[in-house]
Structure formats: structure tokens, C-alpha cells
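> Predicted model and sequence below, questions to follow.
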Amino acid sequence: MTRVIALWCPDWPVVAAGADPRTPAIVVSNGRVTACTAAAREVGVRRGQKLRDAQRRCADLEVHDDDLDAQARLFEQVIAVVEALCPRVEVIRPGLLAVPARGPARYYRSEQAAADTVRDVVEAEGFECAAGVADGSFAAALAARVLPAGIVVPPGETARFLAPHPVSVLDRPELAGVLVRLGIRTLGDLAALPAPDVLARFGADGALAHRLARGLQARPPATRPPGEDLAAAMSFDPPLDAEPVVFAAKSLADQLHENLGSRGLACVRVEVEVTTSDGRSWTRLWRHDGLLSSPALAERVRWQLDAWRATPRKGSPGPLGGGVVRLRLAPDQVVVDSGRQLSLWGSRVASDAVERAAGRIQVMLGHAAVTRPVLTGGRGPGEQVTKIPWGDRLDSVRAAKAPWPGRVPNPAPAVVHPEPQPVLVVDEYGRPVTVSGRCEVSAPPAEIMLAGEPLAVTGWTGPWPAHEQWWDAAVARRLARFQVATDDGRAWLLLVEGGRWLVEACYA
């Protein structure tokens, strides 16, 4: 089993956001806390909390958006420092990296001395960090989180060290939720189960988690014929800037996956190598584990290009300069591909094919040419679906699970009009029905007139009032919604705003 030194920078998202660790601050993604400072934890803020719950515990909480690009750029400074001491730095994610322990341990006479040296050098650069040593990257990352500054797990003791940890550390929320409901709460409980039974019940993801819980590598190593090159490379003439290279990286990632898949292989790490027009070559290892899609791998290429352009490396003339003349993606460690667990309602393989097709169309027609519908927050049915460009993150999308007072209750309508259609609503005497500022209805609706067709009202409910964006007079709206059933067997969602009645949607 490979011994690994893991270096962990705690609360890295808030560090990259420039927050003062002595003040309560959080980083938020999709309406939930993804990271927080120690000062925020002292007042009860925790990762995974909803933003409003965190603000309820601390009224003066400083809120930052989750900016992965900024985190990757800043983490390049940490990587450069570690690279000066240890070769083959592997980036697991911004804020966490790993290096093989064998070489540094021999040079510094022990694993503890090597871990302390790496930690001290990074802290001298002004970054708080902790270092852990264990069998494999997974256990080493957990060892780095042991207070106060990480520990060294003796060889062969990794399984015992992992046993008391909860299954949530596997970073597979769906699998962890199922395990907890079945009474399997710790890694020790999971490791005690027979491997064939775990594979039969939970599939490839469960088998991988079972190996990690036992202190083994995620996948067994694989052999391949010597000299066989599985890398994917592309040259550019003339040299290109960062954005076109990112599009090329998607194509290269597809080629890399196809090369490995045709041989029944997957890669644990992928090496990104960039050659610039000034003759210099830049490389970086990223943890892959067979889980990075082509767009995700291309995103890491973009992170690296941005970081290299912004941050000079030690021992180099300066930041990345000039255009890119060659990009190469190479599998650094090849393992047997044990397959992927297909979801209940669709195939991940099919999803990968859709991603590749969408990426090609974006290259030809532009980034915004391919969009996908996403369920978002809102009160009206037309507001609850938003189209975003394929591959974009959902940080700017309104949270669908927010309370949204005044929201129309289920069931959802069958047809939503792109533009609400005007309608006349009258009472039994033919007088227009009005709604006051206090949402008082002048009379029960008796008939609606839609496109010249009179329909008798057989039932109605409402109103659901809403006063939206009242703080901005330019876009503020005050309205009320009704559900109305008519004698032709259909039901309608009506909207009254500014004295005008409109049809938003139809239920049948």
C-alpha cells in the first residue's frame, strides 16, 4: 500500500474569499453553507446549513459566493511551495493535496519529519495547514484533519484508524444516507461486511467505499503493455489563449476516456501538461478516480491556466506567458475499470454521451447555444423553470426548496403560457370581478371569457397574494393568483395584477 502525505488547508473557500478568520464569515453555494470560519462555528454556524439558518444564529455574518476559480488560483501558491520540497504533487481539490511519502521520508529521515517540514514551509508562507500520513490518499486526508495539526498513522494501522469515522466522510451523500438507514453508521461497520454482499447490494460505488473503509486503495492497480501511450495531446498553430484551449481540453478528455474505456481501464490521477510559445512546459497532477467527466476535466485545465498566469512558480522565470502551443492529458496511474453504477431512472453512460454532444455544439455555435431547464425557485409556474447554458454552475439559480410564501400549491399545471393571456372574469350579474389591496374579492367569479369563449365557473379558490421585490420600485410587483374550474372539465390558473386578469396556465 502506498504511503501518502496529505496537506489540508482548513476552511480554504473562506480563505480564498479573503475573509478574516477572526470574524464570522461563510461561503455559500445554492443557498447552503459550504465553508465557514472558526468564529462562525463558535456561534453555531455549520457546513450544510441553509443561509437563513446561519444568519439567524449570527446577524452580522459575512457572506461570500463559492468561487472555485479563485480557490484554485490561490491554492497554486501552496502547490508551488510544496513542489519545491516534494516531487509528484497531486491536487485532490483546492485546499487539499497529496504527495508520495517514500521519497520525502527517506530524505528527512522519517514520515513525521517530512510532514512537519512541509507543514512548516506552507505556514511560513502565511497559510494555515495540517499534514497527515497514512496508507492511501483517503486515509491520509482524514489523518490531516486530526487536531491540532494532523497525525501519522503507522503502516498497517489504517483500517483501525478509519473504523470510528462516520460513513459521511466517504463524500457520497446518497450512499451514506442508505447506509445510515440500514444501521451502518461507521467505516468499521461497513468494513466488517462481506465484500461480495456489498457489491451485490450497493454496486460499484459500494464496493469502492468498502475498499476505502478497509484501508485499501479505491481500485486495484492494473498492468498494461510497456511503452503503450494512453495520453491525449493536441498542438496549436498559432498559439492559443486560455478559452480556446479549454474547449480543446473537452475534446481531449473525451479521447482520453475512450482510450481507457476501450481497454477496460480507468485512471486514478490525470496529468495536465501545457507547453507555451516561450518553450516552457508546465505540469500538474489532479485526482481523477474515474469520476471526472470531460467538462469537469476541462474545468480543471482552465483553473490551472488561470493559476499559472497569475502566480509565478519557484524556479521559473515568471508567470505563464505567451500562448499555448500544446496541451497533453495523460493518465498517471491506471487501474482496472470496475464499472459504474447506473442510476434507477437513467444511464450515466447516456449522460456522458449527451455531455460530449452538447460540448461539440457549444464549440460550433457558442456557449449559450445549448441550454438545459433547471428547477428553480418562484411563486408562479413560469418562474419555477430556468434555462441555463450547458455546463454552467447553478450558483446564481434561485433555490427551489426555499419557502416562497404565496407559491401556488401542487399539482403543477399541464400547460404554462410563455406570455399570460388576457381574460375577462365576471360575477353572476355580469359585472367584472375585482380584488382590493387587502385581497378582498368583490364577488365570486361566475364566468370567464377567454378568446371570446364564455366558460361557466364551477369552482374556485384563492387568492394567493404576492408582493415581490418591494424594495426596488422599478421591478416591484403586487399580484394575486386564483385557481378556477370551468364547466368544460378544465381548470385554470388566473393572475390579477394592476386590475387586469390574465391566464397563466391550464391544468387540463
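Arrived safely. This one's a predicted model, so the numbers in the text were calculated from it and none came from an experiment.

> what about stretch 428-444, how long is it end to end?
End-to-end distance of stretch 428-444 (CA to CA, to the nearest Å): 8 Å.

> Return the set of buried residues in it.
Buried residues in stretch 428-444, counting neighbours by 16 or more other CB atoms under 10 Å, are found at 433, 435, 441. (Glycine included, C-beta is placed from N, CA and C.)

> Tell me which helix or strand in the chain has the weakest average pLDDT.
One helix or strand of the chain scores below all others by mean pLDDT, DSSP states H and E: helix 348-365, with a mean of 61.

> Export whichever helix or strand comes after that helix to CSV, keeping only CA atoms.
Using DSSP states H and E, the helix or strand that follows helix 348-365 in sequence is strand 371-375. Taking Å, rounded to 0.1, in the frame of the first residue of the first chain, the C-alpha atoms of strand 371-375 are listed here in CSV:
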residue,chain,number,x,y,z
THR,A,371,-29.2,25.3,-22.6
ARG,A,372,-31.0,23.0,-20.2
PRO,A,373,-34.0,23.5,-18.0
VAL,A,374,-33.4,23.7,-14.3
LEU,A,375,-36.0,23.7,-11.5
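
> Neighbouring strands of strand 371-375 in the sheet, and parallel or not?
Strand 371-375 pairs in its sheet with strand 385-389 (antiparallel), by DSSP bridges.

> Would you indicate which residues of the strand it pairs with are buried?
If you call a residue buried by 16+ other CB under 10 Å, then strand 385-389 has these buried ones: 386, 388.

> Run the chain-centre distance for that strand.
Centre-to-centre, strand 385-389 and its host chain are 17 Å apart (CA atoms, centre = their mean, to the nearest Å).

> Please point out which parts of the helix or strand that that strand is followed by sit buried.
As assigned by DSSP H and E, the chain's next helix or strand after strand 385-389 is strand 415-422. Going by neighbour count (16+ other CB under 10 Å), the buried part of strand 415-422 is 416, 420.

> Now the closest residue in space to residue 427 that isn't next to it in sequence, what are its backbone angles?
Distance criterion CB to CB, 6 or more residues apart in numbering; nearest residue to residue 427, sequence neighbours excluded, is residue 443 at 3.7 Å. Dihedral pair for residue 443: phi -160, psi 160, per degrees, to the nearest 10.

> pLDDT below threshold where in the stretch 301-450 of the chain?
Along the stretch 301-450 of the chain, segments meeting pLDDT under 70 span 310-321, 333, 335-353, 355-356, 359-360, 362-367, 391-403.

> which residues of the stretch 101-250 of the chain fall in strands?
Remark: strands assigned in the stretch 101-250 of the chain by DSSP state E, counting those that start in this stretch are 130-135, 232-240.

> can you tell me which of these the model trusts least?
Mean pLDDT is lowest for strand 232-240 out of the strands of the stretch 101-250 of the chain, coming in at a mean of 86.

> just checking, what packs against that strand?
Helices and strands touching strand 232-240, by 3 or more CB pairs under 8 Å, 6 or more residues apart in numbering; DSSP states H and E, are helix 242-261, strand 324-336.

> Pairing partners for that strand, with directions?
When pairing is defined by DSSP bridges, strand 232-240 lines up against strand 324-336 (antiparallel).

> relative to helix 242-261, how tilted is the strand it pairs with?
Orientation of strand 324-336 against helix 242-261 (axes from the mean of the first three to the mean of the last three CA atoms, to 10 degrees) gives an angle of 30 degrees.

> Need the CA coordinates for strand 324-336. CSV is fine.
Taking Å, rounded to 0.1, in the frame of the first residue of the first chain, the C-alpha atoms of strand 324-336 are listed here in CSV:
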residue,chain,number,x,y,z
VAL,A,324,-0.4,27.7,-25.5
VAL,A,325,1.2,25.6,-28.3
ARG,A,326,0.5,22.1,-26.9
LEU,A,327,-1.9,20.5,-24.4
ARG,A,328,-1.5,17.0,-23.1
LEU,A,329,-3.7,14.9,-20.8
ALA,A,330,-2.0,11.8,-19.6
PRO,A,331,-3.3,9.1,-17.2
ASP,A,332,-0.8,9.0,-14.4
GLN,A,333,-2.0,5.8,-12.6
VAL,A,334,-4.1,3.2,-14.4
VAL,A,335,-6.4,0.8,-12.7
VAL,A,336,-9.0,-1.8,-13.7
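
> ok now do the spatially closest residue to residue 17 that is not a sequence neighbour, which residues does it touch?
Computed as CB to CB, 6+ apart, the closest residue to residue 17 that is not its neighbour in sequence is residue 64, at 3.9 Å. Residues in contact with residue 64 (CB atoms under 8 Å, 6 or more residues apart in numbering) are 13, 14, 17, 18, 19, 25, 26, 27, 28.

> give me the element residue 64 is part of.
Counting by DSSP H and E, residue 64 is part of strand 62-65.

> Tell me the spacing between the closest residue to residue 54 other than its chain neighbours and residue 11.
Excluding its sequence neighbours, the residue lying closest to residue 54 (CB to CB, 6+ apart) is residue 45, at 4.7 Å. Distance of residue 45 to residue 11, computed by CB to CB, to the nearest Å: 12 Å.

> go on, residue 486?
Using CB to CB, residue 486 is found at 58 Å from residue 11.

> can you check residue 62 too?
Separation of residue 62 from residue 11 (CB to CB): 13 Å.

> again, but for residue 498
As judged by CB to CB, residue 498 and residue 11 stand 49 Å apart.

> Which residue of the two possesses the greater neighbour count?
Just comparing residue 498 and residue 11: by other CB atoms under 10 Å the higher neighbour count belongs to residue 11, 22 against 7.

> For the more buried one, grab phi and psi.
Per-residue torsions, residue 11: phi 50, psi 40 (degrees, to the nearest 10).

> Contact partners for residue 213?
Each residue near residue 213 by CB under 8 Å, 6+ apart is listed here: 159, 162, 167, 170, 187, 188, 190, 191.

> what about 7 Å?
162, 187, 190, 191 (CB atoms under 7 Å, 6 or more residues apart in numbering).

> picking up where we left off before, name the residues contacting each of residue 45 and residue 11.
Counting by CB under 7 Å, 6+ apart, the residues touching both residue 45 and residue 11 are residue 36.

> which helices and strands does the one helix or strand residue 76 maps to pack with?
Assigned by DSSP H and E, residue 76 belongs to helix 68-83. Helix 68-83 is packed against helix 12-16, strand 96-100, helix 111-124, helix 294-310, with contacts defined by 3 or more CB pairs under 7 Å, 6 or more residues apart in numbering; DSSP states H and E.

> To residue 259, which of those lies closest?
Residue 259 lies closest to helix 294-310 among the helices and strands packed on helix 68-83, at 12.8 Å (CB to CB).
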